[in-house]
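**Student:** Let's see this in three dimensions:
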Amino acid sequence: IIRCYQSSGNPDSNCPHTIYNAWGGLGNSGHVDIYMFPDPHKGDGAGQVRAMISYLRQFNIYPNRSPPATYGMVWLDIEGSSYWGSQDSNRNFFNDMVNELHAQGEVIGVYTSSSQWGPIMGSWSGGASFP
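**Tutor:** Predicted coordinates:
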């Protein structure tokens, strides 16, 4: 799983070449996913998703195509409560990311733990339908 969006609020410039390199090591029989570490203080969730996807498209990288210019899922890294705001605003931000990822045709996963999700999102089950 390759980081493609940094907590600094920018696409990770290492991501495209790391995707290509991962496929080079795996051959066509492997699997490559990507993740984003969003920052709600650096703009809206949909905008951060669009920035990451747009950056990947500059390198002709699209989801679920033939290697090496492809990836499977986009994982949302939901951790680090110091990066987040109120639980209500966090939920809205999360939904903005999910809605934009769906609009872009992406397959979504959520990386978190109960000790991270609870302080950030509360008892809200908004991400429960994702792996």
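**Student:** where's the residue most central in space within the chain relative to Asn10, distance?
**Tutor:** Per C-alpha atoms, centre = their mean, the C-alpha nearest to the average position across the chain is that of Met36, at 3.2 Å. Met36 sits 11 Å away from Asn10, going by C-beta to C-beta, to the nearest Å. C-beta: built from backbone N, CA, C; applies to glycine.
**Student:** Point me to the helix or strand that includes the residue lying closest to Leu101 once chain neighbours are set aside.
**Tutor:** Spatial nearest neighbour of Leu101, chain neighbours left out: Ile108 (5.2 Å); criterion: C-beta to C-beta, 6 or more residues apart in numbering. Using DSSP states H and E, Ile108 sits in strand 107-111.
**Student:** State the mean pLDDT of the next helix or strand after that strand.
**Tutor:** For strand 107-111, the following helix or strand on the C-terminal side (DSSP H and E) is helix 114-121. Helix 114-121 shows an average pLDDT of 96 in the prediction.
**Student:** Can I get stretch 102-119 as CSV, trimmed to CA atoms?
**Tutor:** Extracted as CSV, the C-alpha positions of stretch 102-119 are listed here (Å, rounded to 0.1, in the frame of the first residue of the first chain):
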residue,chain,number,x,y,z
HIS,A,102,-17.4,7.1,-5.4
ALA,A,103,-17.9,9.8,-8.0
GLN,A,104,-14.4,9.0,-9.4
GLY,A,105,-15.2,5.3,-9.5
GLU,A,106,-12.7,4.3,-6.8
VAL,A,107,-12.9,1.3,-4.6
ILE,A,108,-12.5,2.4,-0.9
GLY,A,109,-11.0,1.0,2.2
VAL,A,110,-10.6,2.5,5.6
TYR,A,111,-7.4,2.1,7.7
THR,A,112,-8.0,2.8,11.4
SER,A,113,-8.5,1.2,14.8
SER,A,114,-11.1,1.7,17.5
SER,A,115,-8.6,3.6,19.5
GLN,A,116,-8.2,6.1,16.6
TRP,A,117,-11.7,6.1,15.2
GLY,A,118,-13.4,6.8,18.5
PRO,A,119,-11.7,10.1,19.4
